[in-house]
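Chemist: Let me see the structure of the following:
(one chain, ligands or ions: 1)
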Amino acid sequence: MDILVINGPNLNMLGIREPDIYGRETYEDLVALCERTGAELGCGRIEVYQSNHEGDLIDKIQEAYGTFDGIVINPAAYTHTSVGILDALKAVALPTVEIHISAVDRREAFRQISYVRDACIATVTGEGLDGYAHAMRILVEHIDGKDA
Ligand code: DQA
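Modeler: Prediction:
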């Protein structure tokens, strides 16, 4: 099973940006966690991608069509604004889990709107970086369940 993990804007600044909200672990730590989790879950290819640009994120989602079995996505700020990312997820129609490091539902009102959620089988919030491992597990169990 091949999984693509997509990260949106400013997540490359993990460890530096607002550590009281996002913690002190770095983006490199996040990549290592996703790779380790993929190995533990018996996955094949795990690619972890980050971009600060909406169009690049959309291109990456489109590239996943026919090449990955599922997507874990933290669209970051684009969660709350991007119909384009929602439409791309709907277009490729791969099982997708939405993940947020912080508890977005307990933050500002504008963070409680998620455009992408409509295209996702589940959402994980407020679990820090460990939420990525949780999201990957949900995705793998969902895909395994469909194959069974
Ligand atoms: C975030 C929450 C978003 O509201 C914010 O814009 C981010 C990160 C999170 O992982 O908690 O950049 O997606």
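Chemist: for the ligand, what are the nearby residues on the chain?
Modeler: 10, 74, 76-77, 79, 100-102, 104, 111 (CB under 6 Å from any ligand atom). For every residue, glycine as well, the C-beta is placed using N, CA and C.
Chemist: Let me have those residues in CSV, adding pLDDT as columns.
Modeler: Output for the residues of the chain next to the ligand, formatted as CSV (pLDDT from 0 to 100):
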residue, pLDDT
N10, 98
N74, 98
A76, 98
A77, 98
T79, 98
H100, 98
I101, 98
S102, 98
V104, 98
R111, 98
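Chemist: Of these, keep whichever come out buried.
Modeler: Buried residues within the residues of the chain next to the ligand, counting neighbours by 16 or more other CB atoms under 10 Å: 74, 76, 79, 100-102, 104, 111.
Chemist: For the protein, which element, helix or strand, carries the lowest mean pLDDT?
Modeler: Every helix and strand of the chain was ranked by mean pLDDT, DSSP states H and E. The lowest is helix 130-147, at a mean of 95.
Chemist: circling back: tabulate the buried ones among the residues of the chain next to the ligand in JSON lines, adding columns for distance to H142 and secondary structure.
Modeler: Output for those, formatted as JSON lines (distance: CB to CB, whole Å; DSSP: H, G, I helix; E, B strand; the rest coil):
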{"residue": "N74", "distance to H142": "18", "secondary structure": "strand"}
{"residue": "A76", "distance to H142": "23", "secondary structure": "helix"}
{"residue": "T79", "distance to H142": "20", "secondary structure": "helix"}
{"residue": "H100", "distance to H142": "19", "secondary structure": "strand"}
{"residue": "I101", "distance to H142": "21", "secondary structure": "coil"}
{"residue": "S102", "distance to H142": "24", "secondary structure": "coil"}
{"residue": "V104", "distance to H142": "22", "secondary structure": "helix"}
{"residue": "R111", "distance to H142": "25", "secondary structure": "helix"}
